[in-house]
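Trainee: fold the following and give me the result.
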Amino acid sequence: MNESAELSAAAADARIIPSSRDTDESWRRCCRRLRAELGENVFTSWFGCLKLDSIEAGRAQFSVPTRFLKSWIEAHYSDRILAALDAEIGGVASVAIGLRSSMGASAAPPAAMAAGNQPKTIDPARQATARIASVSAPRGGGLREEAAVYGEALASSPLDRRLTFASFLVGRSNQLAYSAAQRVVEDRAGQAPAFSPLYVHSAVGLGKTHLLQATAHAAAAQGRSVIYLTAERFMYGFVAALQAHTAIAFKEAMRSIDLLIIDDVQFLQGKAFQNEFGHALNALLDSGRQVVVAADRPPADLEALDERVRSRLAGGLCVEMTALDEPLRVKILEARIAAARGQNPNFSVSAAVVAYVARSVVSNGRDLEGAVNRLIAHSIVGSPLTVEAAEAAIRDLVRAREPRRVKIEDIQKLVASHYSVSRSDILSARRTAMVVKPRQVAMYLSKALTLRSLPEIGRRFGGRDHTTVLHAVRKIEGLSATDTALREELELLKRMLQD
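Mentor: Residues are numbered from 1 along each chain as shown. Okay, the predicted model is just below:
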């Protein structure tokens with residue numbers, strides 16, 4: 001090789017193997033480029049702990065502290081990093097990412113230095129006490145909180161040991177939700193879930209939280225890693241992770257579990273929180289993990305929630321837990337009374353009183369529990385617990401659910417909207433099937449929920465005869481006796497009109 005060629009080769013080698021100082025400066029320029037391309041949030045989340053160790057023979061060697069971070073950057077950002085290196089340094093043909101066991105307490109990663117941040121000293125006491133707690137099962141069964149990594153950020157919300165499948169009472173209103181939760185538990189770790197996410201929604205006090213916590217208990221008892229969080233606890237954990245500079249560990253913990261359960265997702269507010277939840281949701285679902293979410297309304301009605309998150313939630317199995325039917329209310333009352341009798345053997349409630357309370361308190365399970373507490377207080381006084389005495393004891397609960405005065409116009413508007421027809425169609429002379437059923441349902445509800453006479457109802461429905469109204473009422477009554485779906489539909493419409 002001649003002298004000129006040797007000098008060219010030496011120059012090339014000098015460019016491919018820059019000095020340590022040049023490497024650090026070049027990597028700072030790359031970080032500035034990546035930050036501008038990807039944005040501050042993405043850069044801080046994924047590149048904050050990425051360290052350039054060396055560049056040799058056209059290969060850039062990086063290191064990160066966790067396996068999750070390694071796999072995520074390799075899958076999503078390798079090409080971006082390579083392009084930035086090629087633009088700022090040149091001669092880099094490949095990128096490799098390895099694991100490092102720990103980071104020096106006084107050293108900040110190059111990415112952080114690029115942002116102009118000064119190195120921060122980590123308080124060993126704080127580092128030792130700050131831990132992420134994940135829910136797992138010890139060999140003896142039951143639940144415990146087990147320390148994981150970096151920060152208290154992902155501590156599971158408290159679980160009530162009483163809220164298990166054994167104590168969950170099943171009726172027509174919650175049978176599907178219960179069966180779906182059981183299926184979640186039956187799916188083993190590593191097995192593709194039958195449906196994920198499972199989305200459960202209902203009004204307050206109908207058993208969503210009980211069902212979710214029962215699922216957490218049962219899955220953890222099988223040895224699966226489970227995290228149960230309320231939306232509030234999730235937001236608190238994310239903020240705590242950011243403040244403790246452990247956001248990467250928070251993300252890793254969220255994505256490494258078998259089952260994530262989020263309760264009251266309607267309270268998840270703020271773009272940053274929703275973005276983080278959306279990223280975690282996507283990562284878990286894409287990796288075949290199980291997610292269970294509960295809210296007070298269907299995904300489409302969560303208008304404050306990011307549209308992409310709503311779409312992903314709606315893509316799973318959405319189950320509604322409807323109002324408690326009377327047989328289920330009786331079962332709940334009997335269970336509460338039996339539990340109270342364990343503490344007060346003299347407490348006794350007749351079947352007539354149970355039937356009266358179940359018939360009168362229809363709002364939710366919490367009001368039923370309140371009714372039992374009132375009966376207990378009444379029994380302490382020593383008076384006989386008759387139906388009349390029970391009526392006096394729960395008067396406030398009954399009054400609280402008395403329906404508001406319903407107008408026929410309101411019924412017509414709601415039924416028209418529910419069946420996707422117009423109010424003018426219901427009042428018209430049209431007799432097509434898509435109009436006749438809504439018209440008959442509206443007439444039936446008008447008879448059931450108002451004090452109007454049949455002739456008056458007929459006049460309000462386009463001047464029809466009272467016999468037409470009577471036929472409609474009897475037709476809907478007959479169909480609802482055998483058609484469960486129609487019966488539940490009517491109950492839903494009644495609740496919507498009376499709330």
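Trainee: L313 contacts A294, doesn't it?
Mentor: No - counting by CB atoms under 8 Å, A294 is not a contact partner of L313; they are 10.7 Å apart. Just so you know, the C-beta spots here come from the backbone N, C-alpha and C atoms, and that holds for glycine as well.
Trainee: who touches both of the two?
Mentor: Overlap between the neighbourhoods of L313 and A294 consists of 199, 265, taking contacts as CB atoms under 8 Å, 6 or more residues apart in numbering.
Trainee: number of nearby residues for the residue nearest to A203 when sequence neighbours are not counted?
Mentor: If the residues on either side of it in the chain are set aside, A203 comes closest to D296, at 6.4 Å by CB to CB, 6 or more residues apart in numbering. Residue neighbour count, defined by other CB atoms under 10 Å, stands at 16 for D296.
Trainee: need the contact list for D296.
Mentor: Under the criterion of CB under 8 Å, 6+ apart, the neighbours of D296 are 201-204, 264, 266.
Trainee: between the residues you listed, which is nearest G370?
Mentor: For the contacts of D296, the minimum distance to G370 (CB to CB) is 13.2 Å, reached by V204.
Trainee: name the helix or strand for the spatially most central residue of the chain, please.
Mentor: Geometric centre of the chain, nearest residue: V293, 2.8 Å, by CA atoms, centre = their mean. Mapping V293 onto the secondary structure by DSSP states H and E places it in strand 290-295.
Trainee: gap between the two ends of stretch 299-308?
Mentor: With CA to CA, to the nearest Å as the measure, stretch 299-308 spans 11 Å from end to end.
Trainee: stretch 249-269 too?
Mentor: Using CA to CA, the span of stretch 249-269 from its first residue to its last is 22 Å.
Trainee: got the buried residues for that stretch?
Mentor: With burial defined by 16 or more other CB atoms under 10 Å, the residues of stretch 249-269 counted as buried are 249-266, 268.
Trainee: quick check: mean pLDDT of that stretch?
Mentor: If you average the pLDDT over stretch 249-269, you get 82.
Trainee: and that stretch, how far from the chain's centre?
Mentor: Using CA atoms, centre = their mean, to the nearest Å, we find the averaged C-alpha position of stretch 249-269 to lie 8 Å away from the chain's own average C-alpha position.
Trainee: pLDDT value on A10, please?
Mentor: The per-residue pLDDT reported for A10 equals 41.
Trainee: er, T484 I mean
Mentor: Spelled out, the predicted local distance difference test score at T484 is 87.
Trainee: and it, how many neighbours?
Mentor: T484, neighbours per other CB under 10 Å, totals 10.
Trainee: what's the answer for the one 3 residues further on, then?
Mentor: R487 has 16 neighbouring residues, counting by other CB under 10 Å.
Trainee: for it, list the residues it contacts.
Mentor: 480-481.
Trainee: ditto for A60
Mentor: 52, 54, 81-82, 85, 92, 94-96.
Trainee: farthest-apart pair in these, please.
Mentor: For the contacts of A60, the farthest-apart pair by CB to CB is S54 and L82; their separation is 15.5 Å.
Trainee: what does the domain assignment say about this structure?
Mentor: For the chain, automatic domain parsing gives the domain ranges 3-114, 133-320, 326-400, 408-498.
Trainee: circling back: of the contacts of A60, buried ones?
Mentor: Looking at those with 16+ other CB under 10 Å, the buried ones turn out to be 52, 81, 85, 92, 95.
Trainee: restricted to helices, list these.
Mentor: With helices taken from DSSP state H, the overlap with the buried ones among the contacts of A60 comprises 81, 85.
Trainee: any idea of the mean pLDDT in stretch 362-370?
Mentor: On average, the pLDDT along stretch 362-370 is 84.
Trainee: can you give me the buried ones in that stretch?
Mentor: Of the residues in stretch 362-370, those scored as buried under the neighbour-count criterion (16+ other CB under 10 Å) are 362-365, 367-370.
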